[in-house]
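1. Pasting the sequence and the predicted coordinates here, then a few questions.
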Amino acid sequence: MYRMRLFAIRHARTFEWIYKCVERGMVAMDPLFAKIGYNRVERPIALVEKGVKTLLFDCKMCGQCVLSSTGMSCPMNCPKQLRNGPCGGVRPGEFCEVKPDMKCVWALAWNGASRMRDGADKIKEVLPPVEHTLKGSSSWLRVSREIAAHERETRDAARLALAEAFPEARENEPSAAPLAAEPLNAINRELKK
Amino acid sequence: MSDTHRNEVEPIGYVPVPQGYVSHSRLEKVLRSGRFAVTAELNPPDSADPEDVFQAAQPLGEVADAINATDASGANCHMSSIGICALLTRAGYSPVYQISCRDRNRIAIQGDVLGAAALGVSNVLCLTGDGVGVGDQPGAKPVFDFDSLTLLRTIRTMRDQGMFLSGRKITRPPQLFLGAAENPCIPPYDWRPDRLAKKVEAGAEYIQTNYIYDIPLFEKFMARVRDAGLDKKVFIIAGVGPIASARAARWMRSNVPGIHIPDQVIERMEKAEKPADEGKKICIELIQQIRDIAGVSGVHVMAYRREHVVSEIILESGALKGRKRARSS
């Protein structure tokens, strides 16, 4: 909905915060998603994501959400689907070249970004072209899964470094520098703290 | 000041570029040597006769360091940019190959970039492209697989990393001077300099702007560009053009995307006895004013269907002052 979209951009900072909370929540649920199977949760989560984001941002489910880098203004609503800023055809009053009744998605994006905490810097980064094979998939799940995997790798790397730094302890008292990965419920307990 | 580069012919076929340069482009040499550059736009013919291209190029070649071959600008169908470039390089001109993202996807564009480089093209200009709706075939499918920035970054990757966007290796990378457009006189005014910074970040080495008729607005833009230090990172070439009549100006303003002509300019055209001469005079004055703005490296003359007046405009404006007369052919 166009009006809802304008509302989301006016409140870009709030939505930026909500988005971060959702992201943290989904990362925390990684062990659960992994247990059920990511390909099994994909469809229901994509469905929820589509419902919420269509209402708020006129989401087109490109599968590669970049809202936090575009001032919470979805670039897929630009008739030219530009990912890196306005074209040279913006009409007086910041209206779209192709759809004269609609505000330029990118003029709105820059306004939204200027209200955000990190968004103002993120909008300056050059984004890659849309990968069309990802259309329709959940970007929430993709992002949270990637962050969770990264956190897991960091934890494993730290454990390995410690074990390598104390080779004698590893030899004589392995539990002082364990190499085995922690069971999922232990990590869950840690996250709850 | 010596002006030897003007008559240098760019090589067709692979020749390594000299150190400190990215291409064999005459335009790059002129800009890097600190001289005021002149580029001009060629209006593509609706014909398959190469003679039409040579005729249009001849008056431009007298004054321009590079000639822009438009890629179906305004979404109107004409002879292709790459076809014109191939003809121009053969005739010893230095073309700017304009690539619009509107009509071709990433597979076609990356292939064409290699093809153009093989044909001796040294300059490219990466553009988003006007929407299909304003053109002569509004029912066409708009492609927009890339935008101008992803296109810039892709060609830079092809040139500097020697690979396609897929990671596949290019055995002989294209040697191209990379350009982009900017439109300082239309909204969102506040963010235009940020957008320019992003284009530089994506790989732009020179910028050709859209038409500038509003000097105060352009000066404001340039002040912000200088504050951000962008004029040191990219060569900015300001776009100008003669208006034929007040009626034409009004038509352009309401029908061609991205054109801002202030009312005072149109009023001046209305009062003039010989509007065409007045349009030429306005253009000359604009060039002289633009030349004095710090951070501007050249002018780009776009004279729609009026190529013959381009050399008069350039010579009368004194834009080439201190430079030897270019090719006399």
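-> Cool, got the structure.
2. Distance of the residue nearest the centre of chain B relative to B:Cys126?
-> With distances taken as C-alpha atoms, centre = their mean, B:Gln208 lies nearest the centre of chain B, 4.8 Å away. Here B:Gln208 is placed at a distance of 11 Å from B:Cys126 (C-beta to C-beta, to the nearest Å). Placement of C-beta: from N, CA and C, glycine included.
3. what stretches of chain A score poorly on pLDDT?
-> Counting by pLDDT under 70, chain A contains low-confidence ranges at A:183-193.
4. my guess is B:Phe177 meets B:Ser25, correct?
-> Yes: with the criterion set as C-beta atoms under 8 Å, B:Phe177 and B:Ser25 qualify as a contacting pair; they are 4.1 Å apart.
5. Next, show the common contact partners of these two.
-> Common contacts of B:Phe177 and B:Ser25 (C-beta atoms under 8 Å, 6 or more residues apart in numbering or on different chains): B:122-123.
6. what about B:Ala86, helix or strand, and which?
-> Using DSSP states H and E, B:Ala86 sits in helix B:81-90.
7. Just the helices from the stretch 201-329 of chain B, written as ranges.
-> For the stretch 201-329 of chain B, the helices defined by DSSP state H, counting those that start in this stretch occupy B:215-227, B:246-255, B:263-271, B:275-291, B:310-317.
8. got these as CSV, with distance to chain A and mean pLDDT columns?
-> Converted to CSV, the helices of the stretch 201-329 of chain B look like this (distance: least, C-beta to the nearest C-beta, whole Å; pLDDT from 0 to 100):
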stretch, distance to chain A, mean pLDDT
helix B:215-227, 12, 98
helix B:246-255, 10, 93
helix B:263-271, 12, 96
helix B:275-291, 18, 96
helix B:310-317, 22, 95
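9. Let me have the ones you listed in a markdown table, extended by mean neighbour count.
-> As requested, these are exported to a markdown table (neighbours: other C-beta atoms under 10 Å in any protein chain shown):
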| stretch | mean neighbour count |
| --- | --- |
| helix B:215-227 | 17 |
| helix B:246-255 | 15 |
| helix B:263-271 | 15 |
| helix B:275-291 | 19 |
| helix B:310-317 | 20 |
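10. So for A:Arg5, which of these sits nearest?
-> Among those, the nearest to A:Arg5 by C-beta to C-beta is helix B:246-255 (27.6 Å).
11. got the angle between the closest one and helix B:275-291?
-> Angular relation of helix B:246-255 and helix B:275-291 on a 0 to 180 degree scale: 60 degrees, by axes from the mean of the first three to the mean of the last three C-alpha atoms, to 10 degrees.
12. helices or strands up against helix B:246-255?
-> For helix B:246-255, the elements it packs on are helix B:263-271, judged by 3 or more C-beta pairs under 8 Å, 6 or more residues apart in numbering or on different chains; DSSP states H and E.
13. which residues touch the closest residue to B:Ala75 other than its chain neighbours?
-> Leaving out its chain neighbours, the residue that sits closest to B:Ala75 by C-beta to C-beta, 6 or more residues apart in numbering or on different chains is B:Gly135, at 2.6 Å. Shown in contact with B:Gly135 (C-beta under 8 Å, 6+ apart): B:72, B:74-77.
14. now these in TSV, with secondary structure and pLDDT?
-> As requested, the contacts of B:Gly135 are arranged in TSV below (DSSP: H, G, I helix; E, B strand; the rest coil; pLDDT from 0 to 100):
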residue	secondary structure	pLDDT
B:Ala72	coil	95
B:Gly74	helix	93
B:Ala75	helix	95
B:Asn76	coil	96
B:Cys77	coil	97
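15. got a winner among those residues for most neighbours?
-> Taking other C-beta atoms under 10 Å in any protein chain shown as the neighbour criterion, B:Ala72 ranks highest of the contacts of B:Gly135 with 23 neighbours.
16. May I ask you to confirm that B:Arg323 is in contact with B:Ser33?
-> No: at 10.5 Å, B:Arg323 and B:Ser33 do not qualify as touching, with contact defined as C-beta under 8 Å.
17. What's the local residue count around A:Glu171?
-> Taking other C-beta under 10 Å as the neighbour definition, A:Glu171 ends up with a count of 9.
18. Roughly how far does it sit from chain B?
-> For A:Glu171, the distance to chain B (C-beta to the nearest C-beta, to the nearest Å) stands at 43 Å.
19. Go through the strand or helix carrying that residue and flag the buried ones.
-> A:Glu171 belongs to helix A:167-172 when assigned by DSSP H and E. Neighbour-count burial for helix A:167-172, counted by 16 or more other C-beta atoms under 10 Å in any protein chain shown, picks out A:Arg170.
20. which residues are contacting that helix?
-> Contacting residues not belonging to helix A:167-172 are listed as A:163, A:176-177, A:179 [C-beta under 8 Å, 6+ apart].
21. Settle this for me: the residue nearest to the centre of chain B is touching B:Gly239, isn't it.
-> Yes: assessed by C-beta under 8 Å, B:Gln208 is found in contact with B:Gly239 at 6.1 Å.
22. who touches both of those two?
-> When contacts are counted by C-beta under 8 Å, 6+ apart, B:Gln208 and B:Gly239 are jointly contacted by B:His300.
23. quick revisit: select, from the contacts of helix A:167-172, the two members most distant in space.
-> In terms of C-beta to C-beta, the contacts of helix A:167-172 reach their longest pairwise distance at A:Ala176 and A:Leu179, which sit 11.3 Å apart.
24. Pull up the residues of chain B that are close to chain A.
-> B:101-102, B:106, B:128-131, B:133, B:142, B:144-150, B:153-154, B:165, B:181-183, B:186-188, B:190-191, B:194-195, B:197-198, B:201-202, B:210, B:257-258, B:260 (C-beta under 8 Å from any C-beta of the partner chain).
25. ok, now with 6 Å
-> B:128, B:131, B:133, B:144, B:146-147, B:149-150, B:153, B:183, B:186-188, B:191, B:195, B:198, B:201-202, B:210, B:257-258 (C-beta under 6 Å from any C-beta of the partner chain).
26. In helices, which of the residues you listed appear?
-> Within these, membership in helices is found for B:149-150, B:153, B:195, B:198, B:201-202, as judged by DSSP state H.
27. which among those residues gets closest to A:Tyr2?
-> The closest of those to A:Tyr2 turns out to be B:Arg195 (C-beta to C-beta; 23.8 Å).
28. Disregarding residues adjacent in the polypeptide, which is nearest to the closest one?
-> Excluding its sequence neighbours, the residue lying closest to B:Arg195 (C-beta to C-beta, 6+ apart) is A:Gly85, at 4.4 Å.
29. pretty sure the one you found contacts A:Cys104?
-> No: A:Gly85 is beyond contact range of A:Cys104, at 10.1 Å (criterion: C-beta atoms under 6 Å).
30. Give me the more crowded residue out of those two.
-> Relative neighbour count places A:Gly85 above the other of A:Gly85 and A:Cys104, with 28 against 25, counting by other C-beta under 10 Å.
31. Check the secondary structure at the more buried one for me.
-> With DSSP: H, G, I helix; E, B strand; the rest coil as the basis, A:Gly85 sits in coil.
32. got the contact list for it?
-> Contact analysis of A:Gly85 by C-beta atoms under 6 Å, 6 or more residues apart in numbering or on different chains lists A:106, B:195, B:198.
33. switch to 8 Å and redo it
-> Counting by C-beta under 8 Å, 6+ apart, A:Gly85 touches A:106, A:109-110, B:147, B:149, B:191, B:194-195, B:198.
34. What residues does chain A have near chain B?
-> Chain A comes close to chain B at residues A:79-94, A:97-98, A:104, A:106-107, A:110-111, A:123-130, as judged by C-beta under 8 Å from any C-beta.
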